[in-house]
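# What follows is a protein structure lacking sequence information:
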């Protein structure tokens, strides 16, 4: 499950893509537009800056801006930075000890395929894809 941290990180990045135009945007402005607590966003943007996805500047005219063009960010990289592994089940997460039952696990192919689909979905979506107006269903 994607937490509010990951969802809000995508919203911050999208807000900057839509409103930044290469300039720094004050966090209070992002918080107001997105209706998210500025204090909570401070935690999220620090992670995004530390992860190299955003640049931050303090003082007059400071704020945050994207480090790259919106089409150069995948939603998957934003979510992995803020959420950690996107592995759908623990036994498929990177760096975990191999499951002793993997050789006889009849459900492993199901989880492996689901994990692959999830990864491909989020990493195939670009921040720029979300700049398009939503289509009504």
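Thanks, I have the structure now. Being a predicted model, the structure only gives us computed values, none of them experimental.
# For the residue located most distally from the centre of the chain, give its distance to residue 39.
The centre of the chain is farthest from one residue, residue 104, which by CA atoms, centre = their mean lies 34.7 Å away. From residue 104 across to residue 39, the span is 49 Å (CB to CB, to the nearest Å). Glycine gets a C-beta too; all of them are placed from N, C-alpha and C.
# Please apply the same query to residue 27.
To residue 39, residue 27 is 10 Å away according to CB to CB.
# Neighbour count for these two, which is higher?
The neighbour count for residue 27 versus residue 39, taken as other CB atoms under 10 Å, is higher for residue 27 (20 against 9).
# Just confirm the more buried one contacts residue 65, I think it does.
No. In this structure, residue 27 is not within contact of residue 65 by CB atoms under 8 Å, at 11.5 Å.
# Next, find the distance separating the residue most central in space within the chain from residue 104.
Geometric centre of the chain, nearest residue: residue 78, 2.4 Å, by CA atoms, centre = their mean. Here the criterion is CB to CB. By it, residue 78 lies 37 Å from residue 104.
# Residue 128 too?
44 Å.
# residues in contact with residue 33?
Residues counted as contacts of residue 33 (CB atoms under 8 Å, 6 or more residues apart in numbering) are 15, 19.
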